[in-house]
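**Student:** my questions are about this predicted structure, shown below with the sequence.
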Amino acid sequence: MIVAIGTWELHLPGCSSLKEKRSVLKPVLAALRQKCNVSVAETAHQDLWQRAEIACAAVGSDRRVVEETLRLADRVVEGADGMSIIDTAMVFR
C-alpha cells in the first residue's frame, strides 16, 4: 500500500477577512475532492487572512497511480483563482 500526502503553502492576497479566505479556499477543496478523489483539509494558518496551508492524502496499491493523483491535485491548486503557491511538498510512504 502506498500513502502519499501533498501540502501547499498558499498566499491569498485579496482576502481581508476569514470569511473571504473561506470563500476562496472552499471551491479549491471541493475541486480536489471531486476531481482527484482525495481527502483534503486546511491544516495550518486558520487564523490568518492571507495565508493558508492545505493538505491532501491519497492511498493506493500502485505508486504510479498515487503519484499521478498528486500531480493532478497540484494542477488543480495551481489553476485556482485568488491564490498563489508559496511552497509545496509531496511525501510518499
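**Tutor:** That came through, no problem.
**Student:** for Gly60, name its beta-bridge partners.
**Tutor:** Beta-bridge partners for Gly60, by DSSP bridges, are Ile2.
**Student:** span of stretch 45-56 from start to end?
**Tutor:** End-to-end distance for stretch 45-56: 16 Å, by CA to CA, to the nearest Å.
**Student:** what average pLDDT does that stretch get?
**Tutor:** For stretch 45-56, mean pLDDT rounds to 97.
**Student:** distance from it to the middle of the chain?
**Tutor:** Between the centre of stretch 45-56 and the centre of its chain there are 10 Å (CA atoms, centre = their mean, to the nearest Å).
**Student:** what's the burial count for Glu78?
**Tutor:** Glu78 has 12 neighbouring residues, counting by other CB atoms under 10 Å. Just so you know, the C-beta spots here come from the backbone N, C-alpha and C atoms, and that holds for glycine as well.
**Student:** ok, now which ones touch it?
**Tutor:** Ile85 (CB atoms under 8 Å, 6 or more residues apart in numbering).
**Student:** how near is it to Leu10?
**Tutor:** 11 Å (CB to CB, to the nearest Å).
**Student:** nice, that's everything, thank you.
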